[in-house]
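Enquirer: have a look; sequence and predicted model below, questions after that.
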Amino acid sequence: MHVLQRSIYYLSLWLGIVLFSFILFHAVPTDPARAVLGPNAGEEQVQSLRIRMGLDQPLPKQFTSYLTEVLQFNFGTSFVDNRSVQVEVGQKLKVTLALIAISLVMTLLYVGMTITFEAFNIAIIGRLLDFIWVSLPTMFSGLLIALLSAHYYPFTQFSGSLSRWTDLLFLLPPAFVLALYPMAILSRIIRDEIAKVRHSQFVLAARANGLSKRDVLYQHILRNAMIPMLAALANQIPMLFTSTFIIEIMFSIPGIGSLLISSLLQRDFPMLEGIVILNGLVVILVYMVFELLYPIIDPRIKSSNAE
């Protein structure tokens, strides 16, 4: 029942994004038919195209038709070159998601390294690294690593569609830049939560029963410390999508950020709508996955939801 309620809630959020994109499309003063035909087209041609696009219909009827097409993942074609929006956005989104996935793997590996430092009582190393990562602005670290990669990194060619295994190697430097801030934030959170839980009564009882510090850490402390870290990780996902727009431009990656910039400059509204709606869908699905993970890690959350 709880899963169904949350699914309805997230579905309503996505429909809100669809409504927002529709309103944005009609709020912009540019005439879509004129944008398709160009400034030299005659008024009769523009009016004829407006009728074919359904722009002469009342707004409620336009929204019903628009929602029907969106639910079928049909976003139409580009105003610029008649490319299929869902195909183009899907290809670019695949590259962006690969970049984000690699950065998340790096982030989780770093968090695991932080936990290892805690287990061996050498947390000072992690604190020093966190200070370095969080102090580096994304713009500065991105430009620095982009310059170093161009001169010293051997994998500087990208096919544009992840068709070769070297494409993943090409994404490693930008993924590292993307992961720097989340690494520092999540590492600090897991370290602070470990310090809080370490002084709890059940931890003291486990230590009194003869368990070693490492056994207590891995068997008792981490289960309680992981929930705030996962919540913070879920909140970092939208920030990663935003940061990829900058990173993709710095490293010349043909992802969703590059497509967004070009669509904005060309006023390609169907492409912009496809980007907004599909990006929103991915982010909402991520939040749903994390919300389902919380009760698995801590069954008390499931019990409280049931009540």
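Expert: That came through fine.
Enquirer: got the end-to-end distance for stretch 55-64?
Expert: Chord length of stretch 55-64, first to last residue, is 13 Å (C-alpha to C-alpha, to the nearest Å).
Enquirer: should've said stretch 149-159
Expert: So stretch 149-159: terminal residues 17 Å apart, C-alpha to C-alpha.
Enquirer: distance between that stretch and the chain's centre?
Expert: For stretch 149-159, the separation from the chain centroid amounts to 25 Å (computed by C-alpha atoms, centre = their mean, to the nearest Å).
Enquirer: now do stretch 201-209
Expert: Here the centre of mass of C-alpha atoms in stretch 201-209, compared against the chain's by C-alpha atoms, centre = their mean, lies 40 Å away.
Enquirer: list the buried residues in that stretch.
Expert: Burial within stretch 201-209, assessed by neighbour count using 16 or more other C-beta atoms under 10 Å, is assigned to 203, 206. Just so you know, the C-beta spots here come from the backbone N, C-alpha and C atoms, and that holds for glycine as well.
Enquirer: kindly report the same for stretch 43-60.
Expert: Taking 16+ other C-beta under 10 Å as the criterion, stretch 43-60 shows 46, 49-50 as buried.
Enquirer: again with stretch 191-203
Expert: Judged by neighbour count using 16+ other C-beta under 10 Å, the buried positions of stretch 191-203 are 191, 193-194, 197-198, 203.
Enquirer: so which of those residues belong to strands?
Expert: When the buried residues of stretch 191-203 are checked against strands (DSSP state E), there are no matches.
Enquirer: pLDDT weak spots in the protein?
Expert: Low-confidence regions of the chain, defined by pLDDT under 70, span residues 1-2, 28-31, 34-39, 121, 123, 207, 210-213, 218-220, 294, 296-307.
Enquirer: any idea how it splits into domains?
Expert: Structural domains assigned to the chain are 2-71, 85-306, following automatic domain parsing.
Enquirer: how far does the biggest helix by length in the chain sit from its chain's centre?
Expert: Looking across the chain with DSSP state H, the single longest helix is helix 85-119. The chain centre lies 9 Å from the centre of helix 85-119; the measure is C-alpha atoms, centre = their mean.
Enquirer: got it, and stretch 242-254?
Expert: The gap between where stretch 242-254 is centred and where its chain is centred comes out at 13 Å by C-alpha atoms, centre = their mean.
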